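1. I need the structure of the sequence given here:
(2 chains)
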Amino acid sequence: MIEAKILEKACEALRILYGQEMKPESLGLEKTRKEITGDYTLVVFPLLKISRKSPEATATEIGTFLDENMPEIASFNVIKGFLNLVLSDHFWMKFLLRNANRPDFGIQKSRHDRPVVLEYSSPNTNKPLHLGHIRNNLLGFSLAEILKANGHKVIKVNLVNDRGIHICKSMLAYMKWGNHETPESTGIKGDHLIGKYYVLFNKHYQAEIHDLIEKGLTEAEAERQAPLILEAQEILRKWEAKDHETVTLWKTMNGWAYTGFDLTYRRLGVDFDHIYYESETYLLGKDLVMEGLENGVLVRKEDGSIWADLRDEGLDEKLLLRADGTSVYMTQDLGTAQLRYDDYHPSNMIYVVGNEQNYHFDVLKRVLARLGKDFALHINHLSYGMVELPQGKMKSREGTVVDADDLMEEMFQTAEETTRELGKANELSDPDALKLFNTISLGALKYFILKVDPKKNMMFDPRESIDFNGNTGPFIQYTYARIQSLLTRASAAGYSYEGSEISLNQSLMPSEKDTIKKLYQFQETIVQAGTELSPAIVANYVFDLAKGFNQFYQELPVLKEEDQEKVVLRINICKFTGNIIQKSMKLLGIDVPDRM
RNA sequence: GGCCCUGUAGUUCAAUGGAUAGAACGGAAGUUUCCUAAACUUUAAAUCUGGGUUCGAUUCCCGGUGGGGCUACCA
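-> The predicted structure is shown next:
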């Protein structure tokens, strides 16, 4: 990497010029702003204490040293305290020609012994997936790709929440009002059918609560005493007692949910290496708690319940086992963390979970640490923000949930409409056209979600749907398609760009150089995205690349250029850009079409 | 009440403590005998507020204020 070399040489300059040792990472080197001449800029303000000279003099002295001692540097200029370094066109061209046809450019080979376990998706089986799950799934899948590109082995796991009172609610509603209907008999996708009964339960439950309040109960009392909730709790008890009839219905209905989820996952293009089921793990964790009690890191209260007292760490007390010995969510998560660690001995465990669970993960890590689990230090909660609608947060009770299947279908139809209007589907066979609509619609949806910093809440307006122009997936896909079209023409015209030998002493046009520079940044982008666990960094990078390329492509001829050396140079820029767009989009889980 | 996150053009998003705060959509005005106009060019338009640290603050710290979340013997 050229940055490291510049920094190293700059330190040498400081040593020779001012007799001071500085660490390379303490120097401020950044990319030069676009409107200023230069490729990299060294900020010299912090160095004035060492040089005891003016910013201009200091920058000039360092610049002169670098210019004389680094062949890659062609020239420099100084503006105030900013030393702008210009790399030679020779350097950029050499980079381009060496890497344009390397399929593995920027991608690290696997170089870690221990894997990273990445949990994402983790749905409940009582209702279909919605927009919030989509963000989770896309982030999780993309993150796995990014970590792999950084040389990690990644185990993608899904912890399905397939038991508990919420499932019993759907089961109860089905027993009462289901009339034995099935996905087959109704034609309704399994997860949606179950969701229907979950909604139905809540409708009747709310009515009961309403009646009880009218009779003088408080809201809390009404919620606890409503007949339906008592019945649901009875079903939960029967399930835990392995009552045959209850378990059979539970299996049947969960089966419907899984069939439905599989379709949604497949359409979304996400997958898993291992699926954990909570029904198989919910009893875990008790041993850990008992062990912690014996070691004195947990406390037992008078009623027999067991707690972690985190008040000395600025948090509260946290219940881990009820007085009756049953566990809570936290207990299970302690247990599943241990299970996961034992299964894979990972170097890191990443959980893609919404930011409303920040406190939960804070507590989880601290309790595991108290229990003496070193892997607690390597638990990473990728806490992503909520997806908000124009009218606020999605609320299933208010019917404002954006369903995942519906959304993908609507996107598909919009893509089809737009593509047909533009006449771009005219020459395609039906299967090819369908494939294209699918690629474009998913590209639009995925890019829209992933370009936003995961940590931040984001806004989604379904009425405006998603645009296909500007900073969008289809914009980038279109850039790629045009490149492929051009490369086909280039081949037809007999140009061979692989292993091209051309003179490196040509001078580059600004838009050529900008594009090559952007390509150079692919490697550092992958590293940064992996470090920060942020697909948004890749998304914003690839948009910049496509944007810059389009500018180049608009103002300079490629195949129609007369200078044959320039033709080869530009074909290589096109080829390389196409490669990097494809790779970047793959990191986001987005396909690119050869034509559109 | 306590704790956490967050406030950038009309809107949706960017910006390792650095130069004149970038894009996109929307608005205004342009570019097709020319490698795909889902493109390109030009233009108007923003850091909630008051302090502090710093040569330099959208960024770090403190106060105010707006928004969101958590604070379950639910998961």
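
2. Tell me which residues of stretch A:76-93 come out buried.
-> Across stretch A:76-93, burial judged by 16 or more other C-beta atoms under 10 Å covers A:76-78, A:81-93. Every residue, glycine included, has its C-beta placed from N, CA and C.

3. for A:V117, helix, strand, or coil?
-> strand (DSSP: H, G, I helix; E, B strand; the rest coil).

4. Among the buried residues of stretch A:76-93, show me the least confident.
-> Within those, A:G81 has the lowest pLDDT, namely 87.

5. looking at it, that residue is touching A:T41, isn't it?
-> No - the pair A:G81 / A:T41 is not scored as a contact, 10.0 Å apart, by C-beta atoms under 8 Å.

6. near RNA strand B too, which of the buried residues of stretch A:76-93?
-> A:G81, A:F82, A:N84 (C-beta under 7 Å from any atom of the strand).

7. among those, which are in strands?
-> Using DSSP state E, the subset of these located in strands is A:F82, A:N84.

8. Of the buried residues of stretch A:76-93, which pair is most distant in space?
-> A:G81 and A:M93 (31.1 Å; C-beta to C-beta).

9. So which residues on the stretch 301-450 of chain A come close to RNA strand B?
-> A:301, A:303, A:305, A:316, A:319, A:322-324, A:328-329, A:332, A:355-360, A:385-386, A:392-393, A:415, A:418-419, A:422, A:424, A:436, A:440.

10. Filter those residues down to the buried ones.
-> A:319, A:329, A:332, A:355, A:357, A:360, A:385-386, A:415, A:418-419, A:424, A:436, A:440.

11. Take those and write them to CSV, including pLDDT and secondary structure.
-> Shown next, in CSV, are those (pLDDT from 0 to 100; DSSP: H, G, I helix; E, B strand; the rest coil):
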residue, pLDDT, secondary structure
A:L319, 94, strand
A:Y329, 90, helix
A:Q332, 92, helix
A:N355, 93, helix
A:Q357, 94, helix
A:H360, 95, helix
A:G385, 93, coil
A:M386, 91, coil
A:A415, 95, helix
A:T418, 94, helix
A:T419, 95, helix
A:K424, 93, coil
A:L436, 97, helix
A:I440, 96, helix
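
12. Quick check: of those, which lies closest to A:L556?
-> A:K424 (25.0 Å).

13. got the contact list for that closest one?
-> The neighbours of A:K424, taking C-beta atoms under 8 Å, 6 or more residues apart in numbering as the test, are A:L436, A:M596.

14. does A:G106 count as helix, strand or coil?
-> A:G106 ends up coil, using three-state DSSP.

15. Does it touch A:I146 like I think?
-> No - contact criterion C-beta under 8 Å: A:G106 and A:I146 do not qualify, at 11.6 Å.

16. Give me the more crowded residue out of the two.
-> A:I146 (26 against 21; other C-beta atoms under 10 Å).

17. just the strands in the stretch 101-250 of chain A please.
-> Ranges of strands in the stretch 101-250 of chain A, per DSSP state E, counting those that start in this stretch, are A:116-119, A:154-160.

18. how far out from the middle of the chain is the first one?
-> By that I understand strand A:116-119. In terms of C-alpha atoms, centre = their mean, to the nearest Å, the centre of strand A:116-119 is found 13 Å from the chain centre.

19. Listing partners with orientation, what would you give for that strand?
-> Sheet neighbours of strand A:116-119, with direction, are listed as strand A:154-160 (parallel), strand A:348-354 (parallel) (DSSP bridges).

20. count of residues packed around A:D461?
-> 11.

21. what about it, distance to A:L389?
-> Note on A:D461: its distance to A:L389, by C-beta to C-beta, to the nearest Å, is 7 Å.

22. again, but for A:L131
-> A:L131 is 8 Å from A:L389, by C-beta to C-beta.

23. cool, and A:L193?
-> 25 Å.

24. Report pLDDT for the residue in chain A that RNA strand B sits nearest to.
-> Nearest residue of chain A to RNA strand B, counting by C-beta to the nearest atom of the strand: A:G470, 2.1 Å away. pLDDT recorded at A:G470 is 94.

25. Can you tell me the SS state at it?
-> Criterion first, three-state DSSP; result for A:G470: coil.

26. quick one: contacts for it?
-> Per C-beta under 8 Å, 6+ apart, neighbours of A:G470: none.

27. just the strands in the stretch 301-450 of chain A please.
-> Counting by DSSP E, counting those that start in this stretch, the strands of the stretch 301-450 of chain A are A:306-309, A:317-321, A:348-354, A:379-384, A:387-389, A:392-393.

28. For those strands, which has the smallest mean pLDDT value?
-> strand A:392-393 (a mean of 78).

29. For it, name the packing helices and strands.
-> Helices and strands touching strand A:392-393, as assessed by 3 or more C-beta pairs under 8 Å, 6 or more residues apart in numbering; DSSP states H and E, are absent.

30. how distant is that strand from the center of its chain?
-> On C-alpha atoms, centre = their mean, the centre of strand A:392-393 falls 22 Å from that of its chain.
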